[in-house]
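Novice: A structural model of the following input is requested.
(2 chains)
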Amino acid sequence: MSATAMLATIRRALGQTSRIASRRLSTVVASAPPENALLASEVLPAISQTSAPLVGSDESGPVSLAFAGARPLYLQLSSLIRPEENVDPSDELVELDPHVFAHPIRRDILHLCVVHHLDCQRQGSANTKTRGEVRGSGHKIRPQKGSGRARLGDAQSPMLRGGGVAFGPKPRDFATKLNRKVIQMGMRVALSARLKEHSLGVVKSLEWPGFKTSELQRRIEELGWKRTLFVTGQEEIPDGLRRAGSNLLGVDMVTAEELNVYSALKWPRLVLDLQAVEWFERALGRPSSVPPHEYGL
Amino acid sequence: MSGVAARFKATPGRVNLFNLSPAPGSTSTQKRLGRGRSSGLGKTSGRGHKGQKARAGNGKPKAGFEGGQTPIVKLFPKRGFVNQNTKTYAPVNLDRLQYWIEQGRITSSPEKPITARELLLSGCIHQVHDGIKLLGDGAEHLKTAIHITPSRASQSAIRAVEKKGGTVFCKYYNELALRDCVKGRTDRTEAAPTRKTDILWYTSWRNRGYLSPTALSKMPVVDERWQTLSKQLLSFKTQQYEKAK
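Specialist: Purely as a prediction, here's the structure:
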């Protein structure tokens, strides 16, 4: 995309604040001269069909007051619904909080979150019978002395064939505790990692017209979103998408509240709607700092 | 020396479920006893040879046993008793309350004074115990007029609050009344004090007790029942007796 074309799309995007949730673009401070500022800030391409190489973004840009002084990211929008003739969804941009979507990648935190999730998923139902639980009487098998063989008590001893298990598994709870803030950081790292690999897409809405699975499948193949997880910020998954997509193998949908780090890493592609982006920024964004009281002591 | 797990770096490229690894140095191998010589914990499994400590089970006769020497729990004599009627009041100091008001976490007015419920929900107090006591530490930091109904209040706290134009009225809460106050239940009648010490305490204006006549005249929200209670509980002061001749 040439510089002028990029400028044009960004200017158009900034001008069309009413079409997207207004908080997304209206907070960009226009103090710096437009040309230099916008040329300098990086605009991430929309979610790609193939896995693109990781791209770094470290240029000076306009300082936004929205994200505690940090420079926001801009991501091109995609569209689930087939767009009209002249409309290109990637002309519009969404502003992302860098604390949530450009977090430093911490694979060890992701490891902790995944291991914790899998531990909690364990059924823990392995069971064995001890020598007390194996059916049998307590009568002494052979006399203590005189037989010339080892001394034995009852027939359920773990030493014997058919006896109980000595320290075998018993049903237990394998769940572990992980600090809430570590899980939140894991979510931020997972979203940032997906964005960095160009595997995160944002759409305006996940509403799908109609309930035919075949139409949704055709559109998914057209977009190349073979294995994607759709994340909606609403309380419930939109009905159309749910009914059309529930039987599709490579597609799953979940609400932003239900999304966990394991699913975010398991699915190669994530598609969020704008409400989901707002939900994550609200849930995972930088906590507002209460100024400490000055006692003047 | 505890074992150190093998370190391996996660592969570069896309993050996936199969290329995550823990932070190097964050894991260590488990100590497994009785699994061969090379482990360093084979055969006697770190217990040495024979003796009481090498046997299966606890290895100690009983908790606190010192080999026959008089144990520390037996050396010193028992002393005193534990009063079952003691009340532990959760303290609230004035500087902490002022800070909460400045942050906007708690507000008060004469019609809606601060009670145990507001203090607990705002996080000023972590547990209510048997009630709250207003204490005067940090009285110089108090700036606003506070209206509060604790179970008890210290004299310096009362002085400091009233100097700033606030009000303190100490109310009697038994266990059930305190629970209802914290949960916000108003359907039940709150019990009156029954013990002589409590009655004397809550009917005196010095303590700003809610059953003292001065308090009843000054409190903005007064239960009718308290008027009758106050009269009944203070009737001993003017009661006439037949004197034996």
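
Novice: the stretch 1-150 of chain A: strands as residue ranges?
Specialist: In the stretch 1-150 of chain A, the strands defined using DSSP state E, counting those that start in this stretch lie at A:43-44, A:73-76, A:93-96.

Novice: turn those strands into JSON lines, including mean neighbour count and mean pLDDT.
Specialist: The way it works is simple: take the backbone N, C-alpha and C, and place the C-beta from them, glycine included. Below are the strands of the stretch 1-150 of chain A laid out as JSON lines (neighbours: other CB atoms under 10 Å in any protein chain shown; pLDDT from 0 to 100):
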{"stretch": "strand A:43-44", "mean neighbour count": "19", "mean pLDDT": "76"}
{"stretch": "strand A:73-76", "mean neighbour count": "22", "mean pLDDT": "91"}
{"stretch": "strand A:93-96", "mean neighbour count": "24", "mean pLDDT": "92"}
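
Novice: of all these, which one is nearest chain B?
Specialist: strand A:43-44 (16.0 Å; CB to the nearest CB).

Novice: other SSEs contacting the closest one?
Specialist: For strand A:43-44, the elements it packs on are strand A:73-76, judged by 3 or more CB pairs under 8 Å, 6 or more residues apart in numbering or on different chains; DSSP states H and E.

Novice: what sits closest to the residue most central in space within chain B if chain neighbours are left out?
Specialist: Nearest to the geometric centre of chain B sits residue B:127, at 4.1 Å (CA atoms, centre = their mean). Nearest residue to residue B:127 in three dimensions, chain neighbours excluded: residue B:90, at 6.3 Å (CB to CB, 6 or more residues apart in numbering or on different chains).

Novice: in its sheet, what does the strand or helix carrying that neighbour sit against?
Specialist: Assignment of secondary structure by DSSP states H and E places residue B:90 within strand B:90-93. The strands that strand B:90-93 pairs with in its sheet are strand B:132-135 (parallel) (by DSSP bridges).

Novice: and the contacts of the helix or strand following the strand it pairs with?
Specialist: Per DSSP H and E, the first helix or strand lying C-terminal to strand B:132-135 is strand B:147-148. Under the contact criterion CB atoms under 8 Å, 6 or more residues apart in numbering or on different chains, strand B:147-148 has outside partners B:97, B:108-110, B:112-115, B:134, B:161, B:166-168.

Novice: mind listing what residue B:73 touches?
Specialist: By CB under 8 Å, 6+ apart, the residues touching residue B:73 are residue B:64.

Novice: list the buried residues in whichever strand or helix holds it.
Specialist: Taking DSSP H and E as the criterion, residue B:73 maps to helix B:72-75. By neighbour count with 16 or more other CB atoms under 10 Å in any protein chain shown, helix B:72-75 contains no buried residues.

Novice: likewise for stretch B:189-206?
Specialist: B:190, B:192, B:193, B:198, B:199, B:201, B:202, B:203, B:204.

Novice: out of the residues you listed, who's nearest residue B:155?
Specialist: Of all the buried residues of stretch B:189-206, residue B:155 sits closest to residue B:204, with 11.9 Å by CB to CB.

Novice: now that closest one. Nearest residue, chain neighbours left out?
Specialist: residue B:212 (5.7 Å).

Novice: about what we covered before: what about the residue nearest to residue B:127, how many neighbours?
Specialist: 19 (other CB atoms under 10 Å in any protein chain shown).

Novice: great, nothing more from me.
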